[in-house]
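Undergrad: coords please:
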Amino acid sequence: MESDIQRDSLEMTVSSSSEEIAGMTQGDEAPLLRKDNDQPRLTLFVVLLCGVATIGGFLFGYDTGVVSGALVLIKPEFNLTADQEEWVVGIAVGAAALGAILGGVTSAKLGRKPTIILASVFFTSGSTILFLAHSYTVLLVGRVVLGLGVGLSSMVTPAFIAESCPAVYRGKLVTAFGATITTGQFISSLVAGALSGVSEGWRWMLGAAVLPSVVMGIGMFLLPESPRYLIQKGRVKEAEEVLQKISGSTNVEKELREISQTIEAETKYSSHGFIHLARQVLQNVPVMRAIAIGCALQAFQQLGGINTVMYYSTTMIKMAGVKDNTQAIWLSCIPSFMNSAFALVSMVIVERLPRRRLLLSTLLGTIVGLSLLGGAYYAIGATTAPSDPTNSTCGGGITNCDTCVAVDGCAFCAPTRSEMGRCFIPTAADNCTDPTYYRTDDVCYSPYSWTLIAAMVFYIAMFATGIGTLAWTINSEIYPMWVRSYAISLSTLTNWMFNLLIAFTFLDLTRLLTKYGAFWMYTCVTIVGWLIFYFRLPETRGVPLENVEQLFS
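TA: Coordinates of the predicted model:
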């Protein structure tokens with residue numbers, strides 16, 4: 001069973017034949033699958049097949065993005081603590097990691113198509129549970145179910161697309177899956193903004209994913225299985241019929257032969273089971289180096305704090321002094337839009353520039369962006385209304401509104417939002433009862449709040465153009481065919497684990513290190529990543545898969 005799963009998971013990887021990769025030199029197009037002079041047409045069937053499958057990417061983005069806006073509305077309704085907020089966000093990420101592992105097993109045993117349908121079931125069920133939730137516990141259950149759908153989709157959909165389209169369109173169509181993720185995040189922010197003023201609007205935000213998930217499930221039920229999986233299972237006749245629809249030609253013998261040869265080559269290395277494969281990897285120093293770089297790319301992608309911005313963007317904007325929930329939710333559309341727009345920019349330039357140069361230059365920009373985010377929070381915190389230290393009931397060390405509301409259970413009261421005020425415990429006898437006074441227990445006004453949005457925009461532009469996309473692209477290029485699936489699975493798991501770490505620690509870090517301290521810590525970590533990639537990452541653009549081991553020798 002172990003060897004079957006490993007062999008099948010090898011085929012899930014977004015892969016191309018060595019002949020195809022060898023032809024992808026600078027300025028060249030990938031070789032065609034057939035010998036005739038006509039480039040394979042992008043048939044309506046392929047568009048439909050990939051279009052339905054990429055709904056999974058949209059749902060991935062929507063369900064991970066919508067929690068940012070919903071959280072600021074859920075928090076007062078369920079009286080959530082900061083730790084509970086982190087659980088609402090983080091538990092879905094943990095479930096997604098499990099879903100990715102489950103996706104490897106179900107895709108190997110049941111097929112790509114049934115696994116995507118299963119993801120649709122999880123998306124639909126999770127969204128329904130969240131829509132109906134009336135307690136914190138039910139919220140967590142809904143987020144777990146939803147997370148399983150995200151994990152299944154992230155693992156299986158790119159492989160299904162790669163296996164179901166002509167090689168000449170494969171790169172763009174697989175990259176389109178990533179673009180639909182960022183599009184889903186952007187649409188989720190628009191939906192959150194539109195529903196922020198509606199009574200219990202968070203329910204509709206979270207429940208809106210039901211419609212596209214049902215469409216994906218029904219669509220996949222009506223569409224065929226991937227031809228690669230069918231050939232691996234010996235269903236060659238079915239595979240031939242699917243390939244004919246994909247290519248728009250009845251002459252698919254070459255495609256059938258190439259797929260069969262690739263499967264045979266992969267099976268040669270994986271047929272002895274996972275333990276044997278792992279032993280071969282440990283004995284191969286170049287492959288170990290490649291895996292280390294691949295996992296580092298995924299780790300530093302997350303340690304750069306991107307999901308802090310995406311999961312908590314509305315919360316971050318409120319931390320900067322925007323008190324109105326609706327306004328904060330609408331402002332969070334800006335970073336979501338930038339993430340989507342610059343992911344498309346990356347799609348355009350990724351094949352035109354050397355990977356290494358693009359990564360290192362944009363990662364420097366990411367470092368600057370993180371520094372600016374920390375600087376924005378520092379400026380905002382330093383320019384909030386001062387607090388009278390002689391008239392405080394919340395202890396010492398409080399100098400202004402920002403340091404006051406950072407203390408659990410304390411509130412700030414002043415004649416206006418800019419004048420000196422006092423920090424007090426709302427349950428004490430000296431409550432701020434004058435209705436004309438400015439009072440807050442969560443965010444403070446600063447004239448520099450706009451700097452946070454500007455820093456966010458710059459940071460996301462650099463991140464989305466660079467490591468946000470290139471971590472996945474380079475991982476698909478640095479492993480030899482015999483270990484590719486094992487290595488990509490390991491790097492993907494690394495991504496989810498560090499994603500989980502960031503999701504569960506951000507709010508705690510802002511309390512421990514201050515808001516600006518948390519982002520300056522991310523800055524330092526990213527500098528370490530830049531140094532590692534500067535000294536250890538080779539150029540991979542246009543290098544054939546059979547030669548990648550030489551890059552790390």
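Undergrad: So Gly466 sits against Leu364, correct?
TA: No - using C-beta atoms under 8 Å as the test, Gly466 is too far from Leu364 to be in contact (9.1 Å). No exception for glycine: its C-beta is placed from N, CA and C like everyone else's.
Undergrad: and the two? which has more neighbours close in?
TA: Using other C-beta atoms under 10 Å, the more surrounded residue of Gly466 and Leu364 is Gly466, with 25 against 16.
Undergrad: Can you read off the backbone torsions of the more buried one?
TA: Main-chain dihedrals, Gly466, degrees, to the nearest 10: phi -110, psi -110.
Undergrad: For it, give its distance to Gly375.
TA: 21 Å (C-beta to C-beta, to the nearest Å).
Undergrad: And Ile181, by the same measure?
TA: Separation of Ile181 from Gly375 (C-beta to C-beta) stands at 29 Å.
Undergrad: again with Cys413
TA: From Cys413 to Gly375 the distance is 29 Å (C-beta to C-beta).
Undergrad: Give me the more crowded residue out of these two.
TA: Cys413 (24 against 18).
Undergrad: which residue sits closest to the more buried one in space, ignoring its chain neighbours?
TA: Once flanking residues are discounted, Cys413 sits nearest to Cys432: 3.3 Å by C-beta to C-beta, 6 or more residues apart in numbering.
Undergrad: Let me know whether my guess that the one you found is in a helix holds.
TA: No - judged by DSSP: H, G, I helix; E, B strand; the rest coil, Cys432 forms no part of a helix; its state is coil.
Undergrad: How many neighbouring residues does the residue nearest to Gly217 when sequence neighbours are not counted have?
TA: The shortest distance from Gly217 to any non-neighbouring residue, by C-beta to C-beta, 6+ apart, is to Ser120 (3.3 Å). Number of residues near Ser120 (other C-beta under 10 Å) recorded here: 26.
Undergrad: Test my guess that Ser120 contacts Val210.
TA: No - Ser120 is beyond contact range of Val210, at 10.3 Å (criterion: C-beta under 8 Å).
Undergrad: In a helix, Leu49, correct?
TA: Yes - according to three-state DSSP, Leu49 belongs to a helix.
Undergrad: Could you double-check that it sits in contact with Ala162?
TA: No - counting by C-beta under 8 Å, Leu49 does not reach Ala162; the two are 11.8 Å apart.
Undergrad: could you say which helix or strand contains Cys413?
TA: strand 411-414 (DSSP states H and E).
Undergrad: do Arg439 as well
TA: Secondary structure from DSSP H and E places Arg439 in strand 438-440.
Undergrad: And for that strand, what's in contact with it?
TA: With C-beta atoms under 8 Å, 6 or more residues apart in numbering as the test, strand 438-440 has contacts from 323, 385, 401, 405, 411-417, 419, 421, 432, 445.
Undergrad: Gln298: which of these is nearest?
TA: Gln298 has its nearest neighbour among the contacts of strand 438-440 in Val405, at 35.8 Å by C-beta to C-beta.
Undergrad: Contacts only, for that closest one.
TA: So Val405 contacts 411-412, 440-444 (C-beta under 8 Å, 6+ apart).
Undergrad: and if we set it to 10 Å?
TA: 319, 384, 394, 398, 411-412, 423, 440-444 (C-beta atoms under 10 Å, 6 or more residues apart in numbering).
Undergrad: do the same with Gly61
TA: Contacts of Gly61 (C-beta under 10 Å, 6+ apart): 150, 178-188, 310, 336, 339-340.
Undergrad: Leaving out chain neighbours, which residue sits closest to it?
TA: Leaving aside its sequence neighbours, Gly61 sits nearest to Gly184 (C-beta to C-beta, 6+ apart; 2.6 Å).
Undergrad: Give the helix, strand or coil label for that neighbour.
TA: helix.
Undergrad: how close does it sit to Gly409?
TA: 38 Å.
Undergrad: what about those two, which has more around it?
TA: Gly184 (27 against 9).
Undergrad: The more buried one is in contact with Thr64, isn't it?
TA: Yes - between Gly184 and Thr64 a contact is recorded at 8.0 Å, counting by C-beta atoms under 10 Å.
Undergrad: so where do the helices sit in the stretch 251-400 of the chain?
TA: All helices of the stretch 251-400 of the chain, identified by DSSP state H, counting those that start in this stretch, fall at 253-270, 274-282, 285-303, 306-319, 325-331, 333-349, 355-382.
Undergrad: thinking again about what came up before, from the contacts of strand 438-440, which single one is nearest Thr115?
TA: Lys323 (44.6 Å).
Undergrad: Once you drop chain neighbours, what's closest to that closest one?
TA: Nearest one to Lys323, counting by C-beta to C-beta, 6+ apart, is Val443 at 5.2 Å.
Undergrad: Was I right to think Leu360 contacts Ile474?
TA: No - using C-beta under 10 Å, Leu360 makes no contact with Ile474, being 11.9 Å away.
Undergrad: overlap in contacts of these two?
TA: Common neighbours of Leu360 and Ile474 (C-beta under 10 Å, 6+ apart) are 467, 533, 537.
Undergrad: Looking at the nearest residue to Arg289 once chain neighbours are set aside now. What's its pLDDT?
TA: In space, and not counting its chain neighbours, Arg289 is closest to Phe552: 4.1 Å by C-beta to C-beta, 6+ apart. Looking at Phe552, its pLDDT is 81.
Undergrad: Could I get the contacting residues of Tyr378?
TA: With C-beta under 10 Å, 6+ apart, Tyr378 has these contacts: 448, 451, 514-517, 519-520.
Undergrad: Buried members of those residues into PyMOL, please.
TA: Here is the PyMOL command that selects only those of those that count as buried (16 or more other C-beta atoms under 10 Å):
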select buried, resi 448+451+514+515+516+519+520
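Undergrad: quick one: which of the contacts of Tyr378 is nearest to Leu71?
TA: Among the contacts of Tyr378, Lys515 lies closest to Leu71 (C-beta to C-beta), at 16.8 Å.
Undergrad: more neighbours, Leu360 and Ile474?
TA: Ile474 (25 against 16).
Undergrad: Quickly note the distance from the more buried one to Ile161.
TA: From Ile474 over to Ile161 (counting by C-beta to C-beta), the distance is 19 Å.
Undergrad: Equivalent analysis for Ser188, please.
TA: 22 Å.
Undergrad: Also Arg352?
TA: Separation of Arg352 from Ile161 (C-beta to C-beta): 22 Å.
Undergrad: Who has more neighbours out of the two?
TA: Ile161 (27 against 10).
Undergrad: these two touch, right, that one and Ala176?
TA: Yes - with contacts counted by C-beta under 10 Å, Ile161 reaches Ala176, the gap being 7.9 Å.
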